[in-house]
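Visitor: here is my input; please provide its structure:
(chains A and B)
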Amino acid sequence: DSGVTQTPKHLITATGQRVTLRCSPRSGDLSVYWYQQSLDQGLQFLIQYYNGEERAKGNILERFSAQQFPDLHSELNLSSLELGDSALYFCASSVGGGGAYIQYFGAGTRLSVL
Amino acid sequence: QQQVKQSPQSLIVQKGGISIINCAYENTAFDYFPWYQQFPGKGPALLIAIRPDVSEKKEGRFTISFNKSAKQFSLHIMDSQPGDSATYFCAASRLTNTGNQFYFGTGTSLTVIP
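Guide: Numbering: from 1, shown residues only, chains lettered A, B, ... in the order given. The predicted structure is shown next:
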């Protein structure tokens, strides 16, 4: 168990809908990363937050947004969902915002858009 | 554009054999190269990582070889065991003090046959 908690484990929704994925980092970790894992593109970095501030941004779609709250949990919001958004979404956490800190991954949320 | 290219896509090795997975990158600014191991239904977990100031790093049966001039790095698993059967991802990042964007390879599915 990595100590990173992601909810829900599975999410089934329809195209055009909006969903929210939640991540609770390991105790003491201030950084949260979000990744999308699809069969054809592997793991794609979406965004990183550190202590509530956005620190790094990958190829995150404009339909997607994230935030980190004062209690350090993070939410990834996906809107106007398309079939292609079906994927595993992982959250990871680390102690620091930069540097070679180990990232600990949660078990992921599997999103199915029908 | 894939920043990190990984091969092979899948690999079958006999128990006790050597598993070799290769990765190549383009961006010479990358200065941190981790490898992750992922079992079905789990998130990736850091296996071993290397910085470009060394050409090799070994941790138990796992070794990273790094060739800065060729912009390539590889993971060697010695004495491969059935328990090593998993998907392996290489990654690269340019570390900063504030935040890190990670680029992942597409993964290698390793099967170790007893």
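Visitor: can you tell me which residues in chain A are near chain B?
Guide: Within chain A, the positions near chain B by Cβ under 8 Å from any Cβ of the partner chain are A:2, A:4, A:33, A:35, A:41-45, A:48, A:50, A:55-58, A:90, A:92, A:97-100, A:102-108. For every residue, glycine as well, the C-beta is placed using N, CA and C.
Visitor: among those, which lie within helices?
Guide: The helices in this structure, assigned by DSSP state H, contain none of the residues of chain A next to chain B.
Visitor: please indicate which of those are buried?
Guide: Those of these that meet the buried threshold are A:2, A:4, A:33, A:35, A:42-45, A:48, A:50, A:55-56, A:58, A:90, A:92, A:97-98, A:103-108, by 16 or more other Cβ atoms under 10 Å in any protein chain shown.
Visitor: is it correct that A:Glu75 is in contact with A:Cys23?
Guide: Yes - using Cβ atoms under 8 Å as the test, A:Glu75 is close enough to A:Cys23 to be in contact (7.3 Å).
Visitor: name the residue in those two with the higher neighbour count.
Guide: Shown here are A:Glu75 and A:Cys23; by other Cβ atoms under 10 Å in any protein chain shown, A:Cys23 has more neighbours (26 against 16).
Visitor: before we move on, which element is the more buried one in?
Guide: A:Cys23 is part of strand A:19-24 when elements are defined by DSSP states H and E.
Visitor: over to A:Ile60?
Guide: Assessed by DSSP H and E, A:Ile60 sits outside every helix and strand.
Visitor: so where do the strands sit in chain B?
Guide: Secondary structure of chain B (DSSP state E): strands at B:4-7, B:10-14, B:19-25, B:33-38, B:45-50, B:56-59, B:62-67, B:72-77, B:86-93, B:102-104, B:108-113.
Visitor: figure out which of those is closest to chain A.
Guide: Shortest distance between chain A and these, using Cβ to the nearest Cβ, is found for strand B:102-104: 3.9 Å.
Visitor: just checking the distance from the closest one to the centre of its chain.
Guide: 11 Å (Cα atoms, centre = their mean, to the nearest Å).
Visitor: rounded mean pLDDT for it, please.
Guide: Average pLDDT, strand B:102-104: 93.
Visitor: so it, near chain A or not?
Guide: Yes - using Cβ under 8 Å from any Cβ, strand B:102-104 reaches chain A at B:102-104.
Visitor: next up, the contacts around the closest residue to A:Val4 other than its chain neighbours.
Guide: If you skip the residues right next to it in sequence, A:Val4 has A:Gly106 as its closest partner in space, 3.8 Å away by Cβ to Cβ, 6 or more residues apart in numbering or on different chains. Residues in contact with A:Gly106 (Cβ atoms under 8 Å, 6 or more residues apart in numbering or on different chains) are A:2, A:4-6, A:23, A:90-92, B:43.
Visitor: mind checking which of the residues of chain A next to chain B land in strands?
Guide: A:33, A:35, A:42-45, A:48, A:50, A:55-57, A:90, A:92, A:104-105.
Visitor: next, count neighbours for residue 28.
Guide: Using chain A here. Quick note: A:Gly28 (other Cβ under 10 Å) scores 9 neighbours.
Visitor: let me rephrase: I mean chain B.
Guide: So B:Thr28, with other Cβ under 10 Å, has 10 neighbours.
Visitor: give me the beta-bridge partners of the closest residue to A:Lys57 other than its chain neighbours?
Guide: Once its chain neighbours are removed from consideration, A:Lys57 has its nearest residue in A:Ile47; the separation is 5.3 Å (Cβ to Cβ, 6+ apart). A:Ile47 has the following beta-bridge partners by DSSP bridges: A:Trp34, A:Lys57.
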